[in-house]
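A.B. asks: I would like to see how this sequence folds:
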Amino acid sequence: MPKRIDFEHKALQYIANNGDEGVLQSDLWRKLDASSREGSRVALKLETKGLIRRERELFEGRWTYRLYPKRKPASINSIVDCPCLSCSENIQCGAYGATSPNDCESLTEWLYSLIEGEASVQGDS
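C.D. replies: As a prediction, the model looks like this:
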C-alpha cells in the first residue's frame with residue numbers, strides 16, 4: 001500500500017486537475033485504485049487541511065460528495081503579459097535597486113488592468 005502522504009498528494013493533484021468541474025469522491029477512489037473507505041478518509045483529510053472543499057450531491061440516485069480544489073494550479077498564462085518579462089531594466093530592478101517594482105509605472109498599469117479585467121468578469125456573472 002502506498003504511503004498516506006503519497007496517496008493524499010495524488011488525490012490532491014487529481015482534484016486540482018479537474019478544476020471548476022470538481023470530481024466525484026467515488027471517481028477519486030476508483031482513479032487511485034483504493035477502497036471507498038480509503039477514498040473517504042483521504043477526502044476528509046484534505047478537507048481538514050483546507051486544501052479542498054466537499055459539497056454533498058445527489059448523483060444517479062445516490063448521495064455522494066463532489067470535491068473541488070481550494071487553489072487552482074499556477075499557469076504561465078497568468079504572467080505572460082507582465083511587462084517585467086521584457087523590461088530592459090529588469091537586471092537592475094529590485095527592492096533596493098536603481099529601479100524598483102514599487103515605482104514602476106508599467107507594472108502598476110498592468111496590475112490595474114488585471115484588476116479591471118477581473119471586475120468586469122465578475123460583473124458579467
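A.B. asks: going forward, measure contacts between C-alpha atoms and count neighbours the same way
C.D. replies: OK.
A.B. asks: Tell me which stretches of the protein form helices.
C.D. replies: Applying DSSP state H to the chain gives helices spanning 4-18, 25-31, 36-48, 105-124.
A.B. asks: Adding mean neighbour count and distance to residue 91 as columns, could you present those in CSV?
C.D. replies: Shown next, in CSV, are those (neighbours: other Cα atoms under 10 Å; distance: least, Cα to Cα, whole Å):
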stretch, mean neighbour count, distance to residue 91
helix 4-18, 16, 35
helix 25-31, 17, 46
helix 36-48, 17, 41
helix 105-124, 12, 15
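A.B. asks: Could I get those helices in JSON lines, plus columns for mean pLDDT and distance to residue 93?
C.D. replies: Formatted as JSON lines, the helices of the chain follow (pLDDT from 0 to 100; distance: least, Cα to Cα, whole Å):
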{"stretch": "helix 4-18", "mean pLDDT": "86", "distance to residue 93": "34"}
{"stretch": "helix 25-31", "mean pLDDT": "90", "distance to residue 93": "45"}
{"stretch": "helix 36-48", "mean pLDDT": "91", "distance to residue 93": "39"}
{"stretch": "helix 105-124", "mean pLDDT": "78", "distance to residue 93": "12"}
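A.B. asks: Please identify which of those is closest to residue 84.
C.D. replies: helix 105-124 (7.1 Å; Cα to Cα).
A.B. asks: thinking again about what came up before, so can I have a markdown table of the helices of the chain showing distance to residue 89?
C.D. replies: Output for these, formatted as a markdown table (distance: least, Cα to Cα, whole Å):
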| stretch | distance to residue 89 |
| --- | --- |
| helix 4-18 | 36 |
| helix 25-31 | 48 |
| helix 36-48 | 43 |
| helix 105-124 | 12 |
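A.B. asks: How is this protein partitioned into domains?
C.D. replies: Per the record, the chain has its domains at 4-69, 76-124, by automatic domain parsing.
A.B. asks: chain center to the longest one, what's the gap?
C.D. replies: Okay, so that is domain 4-69. 15 Å (Cα atoms, centre = their mean, to the nearest Å).
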